[in-house]
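*Asks:* For reference, the sequence and a predicted model appear below.
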Amino acid sequence: MAEVRAEMVANVWKIVVSEGEVVEEGDTLVILESMKMEIPVLAEDAGTISKLHVEEGDVVQEGDLIAVIE
């Protein structure tokens, strides 16, 4: 199991994957927006998205859980 966490304070601009989706290492999961920059959040491991912990429009803080990959 891998936890994907936010690396900075940002808005969740777009969610690219859905729960149950199979992802490969390096796939974009979520796009964050901070200071008018789009920052992709990438899967660090291959697996299945077991849980998304954010919704579009949410504000995440550094270290907040975004998704769990199993």
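*Replies:* Good, I have the coordinates. Computed from a predicted model, the values in this text were never measured in an experiment.
*Asks:* Just grab the bridge partners of the residue sitting nearest the centre point of the chain for me.
*Replies:* What sits nearest the mean C-alpha location of the chain, by C-alpha atoms, centre = their mean, is residue 30, with 4.1 Å. In this entry, residue 30 is beta-bridged to residue 15, residue 41, by DSSP bridges.
*Asks:* now residue 23
*Replies:* Going by DSSP bridges, residue 23 forms beta bridges with residue 47.
*Asks:* Report the separation between the two terminal residues of stretch 10-25.
*Replies:* This stretch, stretch 10-25, spans 23 Å end to end (C-alpha to C-alpha, to the nearest Å).
*Asks:* right, I mislabeled it, should have said stretch 2-10
*Replies:* Per C-alpha to C-alpha, stretch 2-10 runs 21 Å from first to last residue.
*Asks:* same thing with stretch 31-41?
*Replies:* End to end - C-alpha to C-alpha - stretch 31-41 spans 6 Å.
*Asks:* Flag every buried residue along that stretch.
*Replies:* 31, 32, 34, 39, 41 (16 or more other C-beta atoms under 10 Å). All C-beta spots, glycine's among them, are computed from the backbone N, C-alpha and C.
*Asks:* ok now that stretch, how far from the chain's centre?
*Replies:* 11 Å (C-alpha atoms, centre = their mean, to the nearest Å).
*Asks:* Start the count at 26 instead of 1 going forward.
*Replies:* With the count now opening at 26, the last piece we talked about shows up as stretch 56-66.
*Asks:* Strands along the chain, start to end?
*Replies:* Here the chain has its strands, by DSSP state E, at 27-30, 35-40, 47-48, 53-59, 62-67, 72-77, 84-85, 90-94.
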